[in-house]
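S.K.: please work out how this folds:
(4 chains)
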There are 2 protein chains.
Amino acid sequence: MSTHTIQPAASDVAREINRAIVLNLIRTRQPISRADLARASGLQRSTISLIVEQLVAEHWVLEGPTARLPRGRRPTHLRLNEDRVIIGVDIRPGQISVALADVNGEFIHQSAFPTPRDPQAAIAGILSIIQPMIQSCSGKKIEGIGISLPGRFNAGRLVFAPNLKWPDVDLRTPIAEATGLEVAFENAANACCLAAAWFGGAGQERNVVVITVSEGIGAGVMVNGQLARGLGNMAGEFGHVPIDPNGPLCSCGSRGCWEVFASNRAALRYYRESGKAPDNLTFHNLLELADGGDCRAAAALESMARQLGHGMRIIVAGLAPERIIVIGDLTRAWHRFGPIIEAELQSQVLSGGSAPALVPADEDGTARLRGTVALVLQKHFSR
Amino acid sequence: MSTHTIQPAASDVAREINRAIVLNLIRTRQPISRADLARASGLQRSTISLIVEQLVAEHWVLEGPTARLPRGRRPTHLRLNEDRVIIGVDIRPGQISVALADVNGEFIHQSAFPTPRDPQAAIAGILSIIQPMIQSCSGKKIEGIGISLPGRFNAGRLVFAPNLKWPDVDLRTPIAEATGLEVAFENAANACCLAAAWFGGAGQERNVVVITVSEGIGAGVMVNGQLARGLGNMAGEFGHVPIDPNGPLCSCGSRGCWEVFASNRAALRYYRESGKAPDNLTFHNLLELADGGDCRAAAALESMARQLGHGMRIIVAGLAPERIIVIGDLTRAWHRFGPIIEAELQSQVLSGGSAPALVPADEDGTARLRGTVALVLQKHFSR
DNA sequence: CAGGCTTTGTTGTACTATTGAACAAAATAT
DNA sequence: ATATTTTGTTCAATAGTACAACAAAGCCTG
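M.R.: Residues are numbered from 1 along each chain as shown, chains lettered A, B, ... in the order given. Take a look at the predicted model:
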């Protein structure tokens, strides 16, 4: 379509394309035989044999035991080599998780620690987990390190992370130098999008929006299977979309932004506005109060939920995604939020359209960590 | 990335890819020599010769006169064959334009007629222009018919076009059968996006949003060079995004949608609310009144402009496009709208981001018609 | 238990495409 | 007139897939 990035095709692009197809088929349907690969891909069995031979030689694929069939020669099962592993790091304002995962996104090891105030301490903490992890991986091949961040980055530097309250800091260099591994970064919401596209079960939607709700609201947008990054990597700031011209001022300087009405902070404001409240109240406290029977707390959360659903109309109308994934502390109280948001979405459907699937992401950060795995692997698995 | 649509690569994909690269290079840089094509594409001169030979044999490309160089053998100039033509149709509530264009998007012939109330009459009208057009094209090859519509379509049927007030009607079959040509449809805003991507000069942005302003507001969204279509082809309905929970009811059933504040209809309402107004006032009248010195008319338009700019924040924050293109009657009074919208956009830029370029599309419908040309050609020019 | 049938995986030939080098063509500079 | 430069073509080498034949490995049947 565009001649902007000219990428001429040598005679081996066909191999690259087909290799990626075969690798993805093995990933999603393993264990699978060569004959089944041929049927699923449309390629000839002979071509599949050659490609598989190459993948086995490169240690991406292993031959398993032979399977049984009603009759005929027994097929040999192929699967991904689980000894190719990826280190995933999920940095959140509250805690930092580090995990070792195989190419299937299965976690081999996982640990976490509270996020330090100082980014240098955070780097040291991450390295203190990664270093022994690398030691324990003798015999395995570490593909790289993927890092999920609650903010915007540029060339390995964290340039905008209001919730972390870290300064502009170079994360890539110290980690890359200490480990000798490649380090890839991705916004947390975008990482979730990648996870949905890679490990999202049978669906594997190509139009997904991930909404992260915490102090503010962010979003990851996937259109036609590709992440929307936009000018200056700034796409996805749906939190700063205006939904009420008379609303309170937002930290961004504008008035009535969505995140002023639908973030964790908003729920706390609703609670305070409805009566007395302790000074250091956290969103976590609010959830506990509501579960304990505090009607004012429940009402505050309900308002937040309604505003969340209301604002999602912006995304539904504008982008019509197949799926909206919600991340954040609120997923721990999904019994409260889910029905309200769902009802708002249903009431908003335009004639001719249909509501997207609404799902909470697992609160343990699995989605984000899986996204880092996809981030590291994507250059091998896509042409 | 996704294994959803498996498209195995035969040995000739390389040719398809390179053919599209060469064709696009000729299109954008014509006249151009084989040697320059080789330098620009990174392919070998020998490969270029083979591909060009094929393109000449298929009558896509013509050899022109030889050029002069400081020294050395004179290169032969190549250009697209202008005798490959496309018929473009732009259906608007007010009028229907039909044009004959060459592969470069240059119009050979163009005519228009008022849009009839009855879609069957419209089809007859379109055919009465197309038929003699086809007759006049002896010796030329007509690639197909592209149709731009103010609404949503599905399989050649117009399923949602509130401003046209046409019922669900099959446009493809009668036109295809009467002409024997392929007919392709596209939403007007999307057609504009395609035009921007194809004929958008040096820029050729890959992240563009087109906003159509008339009775309502629609949008075409291009992300990473691809049109965002979304679930059920419904992406782009930014007109029905909520921007004021206390605003007037919208025809969609919701409250405070953007188009209630920023469409042509909104400006008329502002005018009526500010004092006396004739019953049958049109947006066109309003523009004339404002130009004639009517302060209330000017104020109404100014309110509309501010609301337009205000709502665009949704698009800027969420998608961060490189360019926002505005279509509609308001472009005829861009001296009124442009500065106000621009100022709103500038005031909204988030830290770290930058404002998109804001441009009005030519009001004569050139952008939409050019989009239909791109629509018809895209299968030949993209791999 | 041998032969037939079925399915898997491999081997070999044919075809297509690109590369890179050599070469012919055409014009200018010396 | 000759050397130089640049364009465009030709040809062998290389890489990749398709297609068909074939070997391998099992089950079923008489």
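S.K.: and residue A:215, how far from chain B?
M.R.: 16 Å (Cβ to the nearest Cβ, to the nearest Å). Where you see a C-beta, it was placed from the backbone N, CA and C, and this is true even at glycine.
S.K.: list the contacts of that residue.
M.R.: By Cβ atoms under 8 Å, 6 or more residues apart in numbering or on different chains, residue A:215 lies in contact with A:93, A:162, A:163, A:263, A:264, A:265.
S.K.: at 10 Å what do you get?
M.R.: Counting by Cβ atoms under 10 Å, 6 or more residues apart in numbering or on different chains, residue A:215 makes contact with A:93, A:150, A:162-163, A:239, A:251, A:259, A:263-266, A:268, A:283, A:328.
S.K.: point me to the residue of the stretch 151-300 of chain A nearest chain B.
M.R.: Per Cβ to the nearest Cβ, residue A:230 is where the stretch 151-300 of chain A lies closest to chain B, at 2.8 Å.
S.K.: these two touch, right, that residue and residue B:322?
M.R.: Yes: at 8.1 Å, residue A:230 counts as touching residue B:322 under the criterion of Cβ atoms under 10 Å.
S.K.: what's the biggest helix in chain A, counting residues?
M.R.: helix A:295-319 (DSSP state H).
S.K.: name the SS class of the closest residue to DNA strand C within chain A, please.
M.R.: DNA strand C sits closest to residue A:72 of chain A, with a gap of 2.2 Å, by Cβ to the nearest atom of the strand. When classified by DSSP: H, G, I helix; E, B strand; the rest coil, residue A:72 comes out as coil.
S.K.: could I get the pLDDT score of it?
M.R.: Reported pLDDT at residue A:72 in the predicted model: 80.
S.K.: of all the contacts of residue A:215, which comes closest to residue A:190?
M.R.: residue A:150 (11.2 Å; Cβ to Cβ).
S.K.: for the closest one, grab the count of nearby residues.
M.R.: 24 (other Cβ atoms under 10 Å in any protein chain shown).
S.K.: can you map out the helices along the stretch 251-383 of chain A?
M.R.: A:258-262, A:264-273, A:283-291, A:295-319, A:334-347, A:366-381 (DSSP state H, counting those that start in this stretch).
S.K.: what comes up buried for the third one?
M.R.: To tie it back to what came earlier, the one meant is helix A:283-291. Buried residues in helix A:283-291, defined by neighbour count with 16 or more other Cβ atoms under 10 Å in any protein chain shown: A:283, A:286, A:287, A:289, A:290.
S.K.: same check on the last one?
M.R.: Along helix A:366-381, the positions that meet the burial threshold by neighbour count (16+ other Cβ under 10 Å) are A:366-377, A:381.
S.K.: so who does the residue nearest to residue A:251 when sequence neighbours are not counted touch?
M.R.: Among residues not flanking residue A:251 along the chain, residue A:162 sits closest, at 7.4 Å (Cβ to Cβ, 6 or more residues apart in numbering or on different chains). Neighbouring residues of residue A:162 by Cβ under 10 Å, 6+ apart: A:93, A:150, A:151, A:152, A:215, A:216, A:218, A:251, A:252, B:351.
S.K.: which among these count as buried?
M.R.: The neighbour count (16+ other Cβ under 10 Å) marks A:150, A:151, A:152, A:215, A:216, A:218, A:252 as buried among the contacts of residue A:162.
S.K.: in helices, which of those residues appear?
M.R.: Using DSSP H, none of these sit in helices.
S.K.: which ones among those residues lie within strands?
M.R.: A:152, A:218 (DSSP state E).
S.K.: the buried ones among the contacts of residue A:162 into a markdown table, with extra columns for pLDDT and distance to DNA strand D?
M.R.: Shown next, in a markdown table, are the buried ones among the contacts of residue A:162 (pLDDT from 0 to 100; distance: Cβ to the nearest atom of the strand, whole Å):
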| residue | pLDDT | distance to DNA strand D |
| --- | --- | --- |
| A:150 | 86 | 41 |
| A:151 | 83 | 41 |
| A:152 | 80 | 39 |
| A:215 | 86 | 49 |
| A:216 | 88 | 47 |
| A:218 | 90 | 40 |
| A:252 | 81 | 50 |
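S.K.: tell me the one of the buried ones among the contacts of residue A:162 nearest residue A:82?
M.R.: Minimum separation from residue A:82 among those (Cβ to Cβ) is found for residue A:150, which lies at 30.2 Å.
S.K.: got a list of what that closest one touches?
M.R.: A:90-93, A:115, A:158, A:161-164, A:166, A:187-189, A:212, A:214-216, A:218, A:368.
S.K.: which of those are buried?
M.R.: Buried by 16+ other Cβ under 10 Å: A:90-92, A:115, A:158, A:161-162, A:164, A:166, A:187-189, A:212, A:214-216, A:218, A:368, out of the contacts of residue A:150.
S.K.: before we move on, the earlier item: higher neighbour count, residue A:230 and residue B:322?
M.R.: When residue A:230 is set against residue B:322 and neighbours are counted by other Cβ under 10 Å, the residue ahead is residue A:230, at 23 against 18.
S.K.: tell me how many other residues crowd the closest residue to DNA strand D within the stretch 251-383 of chain A.
M.R.: Nearest to DNA strand D in the stretch 251-383 of chain A, going by Cβ to the nearest atom of the strand, is residue A:383, at a distance of 11.3 Å. Neighbour count of residue A:383, defined by other Cβ under 10 Å: 13.
S.K.: so it makes contact with residue A:12?
M.R.: No: counting by Cβ under 10 Å, residue A:383 stays clear of residue A:12, with 11.4 Å between them.
S.K.: any common contacting residues for those two?
M.R.: Common neighbours of residue A:383 and residue A:12, counting by Cβ under 10 Å, 6+ apart, are residue A:19.
S.K.: residues from the stretch 51-200 of chain A in reach of DNA strand D?
M.R.: With Cβ under 7 Å from any atom of the strand as the criterion, the stretch 51-200 of chain A meets DNA strand D at residues A:51, A:66, A:68, A:70, A:71, A:72, A:73, A:74.
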